[in-house]
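Undergrad: need coordinates for the below:
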Amino acid sequence: MTYILEARELRKEYPGKLALRRLNLQIAPGEVFCLLGQNGAGKSTTINLFLGFIAPTSGAAYVNGLEVAADPLKVKAHLAYIPENVMLYPHLTGLENLALFSSLAGFRYSESELQAYLDQAGLPAEAVRRRVGSYSKGMRQKVGIAIAVAKHAKVLLLDEPTSGLDPKASNEFSQLLTRLSGQGTAVLMATHDIFRAKQVGTRVGIMREGELVDVRSTAALNAQELEQLYLTYMHN
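TA: Numbers count the residues shown, from 1 in each chain. Prediction:
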């Protein structure tokens, strides 16, 4: 099998703190892998190592066969990142933000093409020409998804994307992820949301104290079993 995201013996250590311990992980195109764990478990560290925001102490992260630390610029062409709070220019409209970020990635689109991307991402038509400063968190995330699709990103990295979303917006976001994975996009999502992990994930990994302690297929567990498994690890 060809993997688009891979961690090999990936380790991150800070003075007096081990943030990530010998992570080995492979994610295939179209797979949604959800990392569950408490704050400080190593979820965000993992995401940041794949993004190249921090350098590994040892081991390596690979995106589409490229080592992140060795080819950070080439790697960025394959990635899109949606943090807990999507950073957009508040004084620009959704349409203008999409045009700007896609042009920075080397793509030029007509206005109708940009609108089509925002429509696919579920942004309401009335919001397209409104300034992003007036958007809800869920609407900003939809612009983030549109940017990822417009960039033809092969990999989507998400850090607590449903935190603070109401149930309707969270469900809409989950549907978008399912649609993208169906088109072959690989998704790595750090989350506290066990229900969403079960709903959208193909596999879940449980992290504790910088270590990936268990990996399961979501098809083999119902939401209650996944919650019980998670709590067992947290309390051991």
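
Undergrad: please state the offset of stretch 179-194 from the chain centre?
TA: Mean-position distance between stretch 179-194 and its chain equals 7 Å (Cα atoms, centre = their mean, to the nearest Å).

Undergrad: buried set for that stretch?
TA: By neighbour count on 16 or more other Cβ atoms under 10 Å, the buried set for stretch 179-194 is Leu180, Ser181, Thr185, Ala186, Val187, Leu188, Met189, Ala190, Thr191, Asp193, Ile194. All C-beta spots, glycine's among them, are computed from the backbone N, C-alpha and C.

Undergrad: end-to-end on it?
TA: 20 Å (Cα to Cα, to the nearest Å).

Undergrad: do stretch 127-138 as well
TA: 12 Å.

Undergrad: ok, residues contacting that stretch?
TA: The list of residues contacting stretch 127-138 from outside it, by Cβ atoms under 8 Å, 6 or more residues apart in numbering, reads 85-86, 88-95, 97, 115, 118, 139-140, 143, 164-166, 169-170, 172-173.

Undergrad: where does pLDDT dip in the chain?
TA: Along the chain, the parts satisfying pLDDT under 70 run over 1, 236.

Undergrad: quick one: the strands in the chain?
TA: In the chain, the segments counted as strands under DSSP state E are 5-14, 17-27, 32-36, 58-63, 66-67, 79-82, 155-159, 186-191, 203-208, 211-217.

Undergrad: export the ones you listed to TSV and tack on distance to Tyr135?
TA: Formatted as TSV, these follow (distance: least, Cβ to Cβ, whole Å):
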stretch	distance to Tyr135
strand 5-14	29
strand 17-27	30
strand 32-36	25
strand 58-63	29
strand 66-67	33
strand 79-82	14
strand 155-159	18
strand 186-191	21
strand 203-208	30
strand 211-217	35
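
Undergrad: I figured Leu79 was touching Leu51, is that so?
TA: Yes: counting by Cβ atoms under 8 Å, Leu79 touches Leu51, with 6.7 Å between them.

Undergrad: that older thread, I'd like to know which of the contacts of stretch 127-138 are buried.
TA: Looks like the contacts of stretch 127-138 have 86, 88, 93-95, 97, 115, 118, 139-140, 143, 165, 169-170, 172-173 buried, using 16+ other Cβ under 10 Å.

Undergrad: what's the closest of these to Leu158?
TA: Phe173 (9.2 Å; Cβ to Cβ).

Undergrad: which one of the buried ones among the contacts of stretch 127-138 sits closest to Arg11?
TA: Val86 (29.5 Å).

Undergrad: can you tell me how far the closest one is from Leu156?
TA: Applying Cβ to Cβ, to the nearest Å, the value for Val86 to Leu156 is 12 Å.

Undergrad: what's the answer for Ala121, then?
TA: Taking Cβ to Cβ as the measure, Ala121 falls 12 Å from Leu156.

Undergrad: cool, Ile145 as well?
TA: Distance from Ile145 to Leu156, by Cβ to Cβ: 8 Å.

Undergrad: then Arg196?
TA: 14 Å.

Undergrad: with neighbour numbers in mind, choose between the two.
TA: Set Arg196 next to Leu156 and count neighbours by other Cβ atoms under 10 Å: Leu156 wins out with 24 against 21.
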